[in-house]
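[1] I would like to see how this sequence folds:
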Amino acid sequence: MIGAEKGHAAIADGSDLRIAIVQARFNESITNSLAAACLQELAALGVQADQVLHVTVAGALEVPVVLQTLAEREEFDALIALGCIIRGETYHFELVANESGAGVSRVSLDYNIPIANAILTTENLEQAIARQTEKGQDAARVAVETAQLIAQLS
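    Have a look, this model is predicted:
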């Protein structure tokens, strides 16, 4: 939700983290904006550009399998899923939204790796445009904060 009360956390330092981003190309103008905001925020959090792997896939349904492949490599402290699913006139929206979301969660739990899920699910293009920057930034913050917390708890 735009402008939601997200609480306050200490400013995260991502300078020692390695992060991978999987971006769906479907609705590419939105996902490119998500990625740009995410990458900018990762840099602001101290994550070095050479410590970020950014790959693209066709759509939201392909994101989980690539996240799984990256998790299996055991090279990353956190992963980020970026995509945009806009409701259409058929049930396909629900299938893609539900299956991609479930796949992202399953990979995170199966491989014990934080995954910031910024696959937008919106009713229309206007809602997606309104969320693209904030959700890209949120994904970066969530990835860094959660990776640091897991490292502290381990």
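
[2] tell me the residue in the chain that is farthest from the middle.
    Ranked by distance from the centre of the chain (CA atoms, centre = their mean), the top residue is Glu89, with 26.0 Å.

[3] quick one: the strands in this protein, in order.
    19-24, 52-57, 78-86, 115-122 (DSSP state E).

[4] how about a markdown table for the ones you listed, with distance to Arg131, mean pLDDT and mean neighbour count added?
    To be clear about C-beta, it is placed using only N, CA and C from the backbone, and glycine gets the same treatment. As requested, those are arranged in a markdown table below (distance: least, CB to CB, whole Å; pLDDT from 0 to 100; neighbours: other CB atoms under 10 Å):
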| stretch | distance to Arg131 | mean pLDDT | mean neighbour count |
| --- | --- | --- | --- |
| strand 19-24 | 15 | 98 | 26 |
| strand 52-57 | 20 | 98 | 17 |
| strand 78-86 | 9 | 97 | 27 |
| strand 115-122 | 6 | 97 | 24 |
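
[5] tell me who's in contact with the closest residue to Ala118 other than its chain neighbours.
    Leaving aside its sequence neighbours, Ala118 sits nearest to Ala139 (CB to CB, 6 or more residues apart in numbering; 3.8 Å). Each residue near Ala139 by CB atoms under 8 Å, 6 or more residues apart in numbering is listed here: 34, 38, 41, 80-82, 116-118.

[6] and of those, the nearest to Arg18?
    Checking the contacts of Ala139 against Arg18 by CB to CB gives Ile80 as the nearest, at 12.0 Å.

[7] partners of that closest one in the sheet?
    Beta bridges link Ile80 to Ile21, Ala116, judged by DSSP bridges.

[8] one more: Val55?
    Beta-bridge pairing for Val55 (DSSP bridges): Val22.
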